[in-house]
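Trainee: Give me a 3D structure for the following:
(one chain, ligands or ions: 1)
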Amino acid sequence: MSKQPDMEHPFNEQFEQMGLDARARFMQNHLCNVMHELQGSTLGIDNFGENPDGSLKEHLKRSYGDWLPPYSTRMRIVVTGAAGFVGSHLVDFLMKRGHTVIAIDNFSTGYHMNLLDWMDHRNFELHTHDVRNPLNIKGKVDQIFHLAGSASPDECISDPISILTTCFQGTINMLELARRCNARFLLASSCGIYGFPLWHHNPQSENFLGNVKTFGRRACHDEGKRAAESLCYAYAKQHNVEVRIARVFNTFGPRMRIDDGRVVSTFILQCLRGECFTIKGDGNSSRSLMYISDLIDGLIELMLSDYTGGPMNFGKQEEYNMIEVTEIVTRAVKKVQGDKFRPTPTSFLPARTDDPLMRHPDCTLAKEQLGWSTKVDIDEGMLETVEWFAAMEEEDWLYDTEEEEEGKSPPDI
Ligand SMILES: O=C(O)[C@H]1O[C@H](OP(=O)(O)OP(=O)(O)OC[C@H]2O[C@@H](n3ccc(=O)[nH]c3=O)[C@H](O)[C@@H]2O)[C@H](O)[C@@H](O)[C@@H]1O
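Mentor: Coordinates of the predicted model:
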């Protein structure tokens, strides 16, 4: 029998601490659990066509809107880094489509709050685990999305060894899991593997082999991801593991960490708080900024595709310099704050060491192979993001973090 709501105490402490939206989703989850039970316990949302008169299917469609599975079967899917920015959005996507998700995170940079919607859902398991340690999972696993790891520009300086070992040892451990479970494996790699592109490398296609130094400020992340990619192909060749590699370019959206030094979160907070925009360098360095939902669509499409030809870029095609980014952020903050908005001054600070001057993906391959391209307009995405940051700011950053217990033996899940 699956977890059921405690009928005598349905409004437990956790529930009381939630906002209205979260409460509504919490109740939806319970309803979903009950529906599954009524259907014969093991049916997923994707099986509701088996209901003789289709009325339950219609009912669920009305209740859940877009809760329709892109997969023909319900799967058991592992997501590492599940409590992080990208991981938690991916979990939302998979859970809403009726899959079972085994979420793995060590909570070094992820937050329980990002997964709060699913904590009591019968299709969801959360395990606190550092991927640098081996992981065994009992039963079948169909897919593994390996997202765990930090790409924070600040942590590249403060803890480069952790970043590098997580990329390397973490990927080995998760590939081993894929090998044992015969699961398809997707690595979230990074545009960092291209290093420091020069003008003639712009935009960067998958054929650009990179311009990376082993001892640079970002080497831990860039070289770590390069090693992780090579490990994927080594496991594919030697152990027939089915691998997919997504090279992810700069992405933004709700649930970005507020304190990891990335430009979008930093500028949004500065603008909301009426502080100074801190442009590092002369403002001419440029990035392509992709909204999170576009990335999630890309990761899903790649995981499902038969394409095995090599890594694939995912990023926004347009490029913005840092001055333009302050303008995009300002437009969104103005809309959110209305009369309370005050213009944000700009200060120019020394450029970061080894800061790439540009990052701009060529996504022709994703377009040709998957039919994928970004859909969300930058202003639209920025508004969603600023609204989220403003709401969180008002709630006093209700984040809870939990450190992994050190020295635990490899868990058997
Ligand atoms: O999100 C990502 O995919 C990438 O984020 C960071 O790389 P970076 O592109 O440098 O991202 P940001 O830290 O957001 O910086 C973008 C640009 O904004 C500038 N910036 C950043 C912060 C700030 O306060 N002011 C400012 O001008 C930086 O100097 C840089 O030119 C990580 O270092 C990469 O490893 C990762 O792949």
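Trainee: count of residues packed around A227?
Mentor: Neighbouring residues of A227 were enumerated by other C-beta atoms under 10 Å; the total is 16. (Each C-beta comes from the backbone N, C-alpha and C, glycine too.)
Trainee: Tell me the secondary structure of the residue in the stretch 1-150 of the chain that the ligand sits nearest to, please.
Mentor: The minimum distance from the stretch 1-150 of the chain to the ligand, using C-beta to the nearest ligand atom, falls at S150 (9.0 Å). The three-state label given to S150 by DSSP: H, G, I helix; E, B strand; the rest coil is coil.
Trainee: Now it: closest residue in space, sequence neighbours ignored.
Mentor: Using C-beta to C-beta, 6 or more residues apart in numbering and skipping residues adjacent in sequence, the residue nearest S150 is T109, 5.1 Å away.
Trainee: I'd say the one you found and L147 touch.
Mentor: No. Look at T109 against L147 with C-beta atoms under 8 Å: they stay out of range, at 11.2 Å.
Trainee: More neighbours: which of these two?
Mentor: Each of T109 and L147 has its neighbours counted (other C-beta under 10 Å); L147 has more, 27 against 20.
Trainee: can you pull the contacts of that one?
Mentor: Contacts for L147 were tallied using C-beta atoms under 8 Å, 6 or more residues apart in numbering; they are 79-82, 84, 86-87, 90, 188.
Trainee: Which members of the residues you listed occur in strands, if any?
Mentor: Cross-referencing the contacts of L147 against strands under DSSP state E gives 79-80, 188.
Trainee: related to what we said a few turns ago, ok, the residue of the stretch 1-150 of the chain closest to the ligand - contacts?
Mentor: By C-beta under 8 Å, 6+ apart, the contact list for S150 reads 108-109, 159, 162-163, 166, 221, 260.
Trainee: Put together JSON lines for those, with distance to F348 on each row.
Mentor: As requested, these are arranged in JSON lines below (distance: C-beta to C-beta, whole Å):
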{"residue": "S108", "distance to F348": "32"}
{"residue": "T109", "distance to F348": "29"}
{"residue": "D159", "distance to F348": "28"}
{"residue": "S162", "distance to F348": "31"}
{"residue": "I163", "distance to F348": "28"}
{"residue": "T166", "distance to F348": "34"}
{"residue": "H221", "distance to F348": "26"}
{"residue": "D260", "distance to F348": "22"}
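Trainee: Which one (most neighbours) among the contacts of L147?
Mentor: Highest neighbour count within the contacts of L147, by other C-beta under 10 Å: T80, with 29 neighbours.
Trainee: Return the per-residue confidence for G381.
Mentor: For G381, the pLDDT comes out at 98.
Trainee: cool, the one 5 residues further on as well?
Mentor: Among the per-residue scores, V386 shows a pLDDT of 97.
Trainee: What is the burial count for it?
Mentor: Applying other C-beta under 10 Å, I find that V386 has 26 neighbouring residues.
Trainee: Around S88, count how many other residues there are.
Mentor: By the criterion of other C-beta under 10 Å, S88 has 28 neighbours.
Trainee: ok, now which ones touch it?
Mentor: Taking C-beta under 8 Å, 6+ apart as the test, what S88 contacts is 82, 110, 114-115, 255.
Trainee: how about a markdown table for those residues, with secondary structure added?
Mentor: As requested, the contacts of S88 are exported to a markdown table (three-state DSSP):
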| residue | secondary structure |
| --- | --- |
| A82 | coil |
| G110 | coil |
| N114 | helix |
| L115 | helix |
| R255 | coil |
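Trainee: Next, format those as JSON lines and append distance to the ligand.
Mentor: Output for the contacts of S88, formatted as JSON lines (distance: C-beta to the nearest ligand atom, whole Å):
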{"residue": "A82", "distance to the ligand": "18"}
{"residue": "G110", "distance to the ligand": "16"}
{"residue": "N114", "distance to the ligand": "17"}
{"residue": "L115", "distance to the ligand": "21"}
{"residue": "R255", "distance to the ligand": "14"}
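Trainee: Of those residues, just say which sits nearest to Y233.
Mentor: Using C-beta to C-beta, A82 is the member of the contacts of S88 that lies nearest Y233, at 24.9 Å.
Trainee: sorry, back to before: which among the contacts of S150 are in contact with the ligand?
Mentor: For the ligand, the contacts drawn from the contacts of S150 by C-beta under 6 Å from any ligand atom are H221.
Trainee: Assign a three-state SS to the closest residue in space to A390 that isn't next to it in sequence, would you?
Mentor: Spatial nearest neighbour of A390, excluding adjacent residues (C-beta to C-beta, 6+ apart): V336 at 5.2 Å. With three-state DSSP as the basis, V336 sits in helix.
Trainee: Isn't V336 up against T385?
Mentor: No. Using C-beta under 8 Å, V336 is not in contact with T385, being 10.0 Å away.
Trainee: of those two, who's got more company?
Mentor: Neighbour totals were compared for V336 and T385, and T385 leads with 22 against 18 (other C-beta under 10 Å).
Trainee: what's the pLDDT at N123?
Mentor: So, for N123, pLDDT stands at 95.
Trainee: Hmm, I typed the wrong one, I wanted R331.
Mentor: For R331, the model assigns a pLDDT of 98.
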